[in-house]
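In: this is a predicted model, with the sequence first.
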Amino acid sequence: GSGGGASLRFGFFWTAAMISQVALTVICLPPAMGIAHEAWRDRLLRDQFPAERYLAVRLDLDADPVSSTETIEAAAARRARTYQEFERRVRAESGVETTTLGDRLPGMTADVRRAEVEIRPDAAPLLIPELWLAAVGPRYFQAFDIPVVGGRDFHDGDRAADARTVMVNEAFVRRYLDGATPVGTRVRHAAANTAQPEPWFEIVGVVRDV
């Protein structure tokens, strides 16, 4: 001050400390935002699907101990019959509103695959880099109060091995179909070998976003 001017200078230690603080803030901010987003998402899911209303169990069947030559088709048929009988018995219990089958609950991590959707029959399919998938059965959307807003819901006929039916949500329609009618549109997994494309699935219904 006596020299007629003033300047603010920090030593090496304090300069390094401030740089470290800024660097740590930049590094930690994205994970903190991610954790906060997941916590917010988890809270929304818990509010929408209160745990006291649901009971979820994981079921699987061992190979038939009587026959060591059971084919894949026979095992699949036996599994389907067992699951259907299990559902029938559980639905008969008092206090049970409905039952359903699925490979995951709403909000669980989805199976992500590359896919293609046929916007128009005369145009090349549109590539979907990341399509979130879940395998669900009849009454799945009813069980979780997710309304069907277009087309139809799954029924028992969709359990057949040759059934090629899928349902999509409103976000899929907004993002990939651009207002086109989703029911009847075809979608398929993207094949690694374009010379051997995967078979098509037909969209039969649209459900509300979760």
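Out: Structure's in. What do you need? Numbers count the residues shown, from 1 in each chain.
In: where does pLDDT dip in the chain?
Out: By pLDDT under 70, the weakly predicted segments of the chain are 1-10, 63-68.
In: distance check, the residue nearest the centre of it against Arg208.
Out: Nearest to the mean C-alpha position of the chain, by CA atoms, centre = their mean, lies Ala110 at 3.6 Å. Look at Ala110 and Arg208: by CB to CB, to the nearest Å, they are 17 Å apart. Every C-beta, even on glycine, is put in place using the N, C-alpha and C of the backbone.
In: wait, doesn't Gln48 sit right on Val210?
Out: Yes: using CB atoms under 8 Å as the test, Gln48 is close enough to Val210 to be in contact (7.3 Å).
In: the strands in this protein, which residues?
Out: Taking DSSP state E as the criterion, the chain contains strands spanning 111-117, 126-133, 148-151, 165-169, 186-189, 201-207.
In: looking at these, spot the one closest to Gln84.
Out: With CB to CB as the measure, strand 165-169 is the member of the strands of the chain nearest Gln84 (18.1 Å).
In: select the longest helix from this structure.
Out: If each helix of the chain is counted by residues according to DSSP state H, the longest one is helix 12-48.
In: ok now that one, how far from the chain's centre?
Out: Relative to its parent chain, helix 12-48 has a centroid offset of 26 Å by CA atoms, centre = their mean, to the nearest Å.
In: what's the neighbour count on the closest residue to Val204 other than its chain neighbours?
Out: In space, not counting the residues next to it along the chain, Val204 is nearest to Thr165; the distance is 4.8 Å by CB to CB, 6 or more residues apart in numbering. Residues within reach of Thr165, counting by other CB atoms under 10 Å, total 16.
In: same thing with the one 10 residues further on?
Out: Here the count is done by other CB under 10 Å, and Arg175 has 10 residues near it.
In: go on, Arg113?
Out: When neighbours are counted by other CB under 10 Å, Arg113 comes out with 14.
In: that one contacts His189, doesn't it?
Out: Yes: the criterion here is CB under 8 Å, and Arg113 meets it with His189 at 5.7 Å.
In: show me the beta-bridge partners of the closest residue to Glu130 other than its chain neighbours.
Out: Among residues not flanking Glu130 along the chain, Val112 sits closest, at 5.2 Å (CB to CB, 6+ apart). For Val112, the residues forming beta bridges with it (DSSP bridges) are Trp132.
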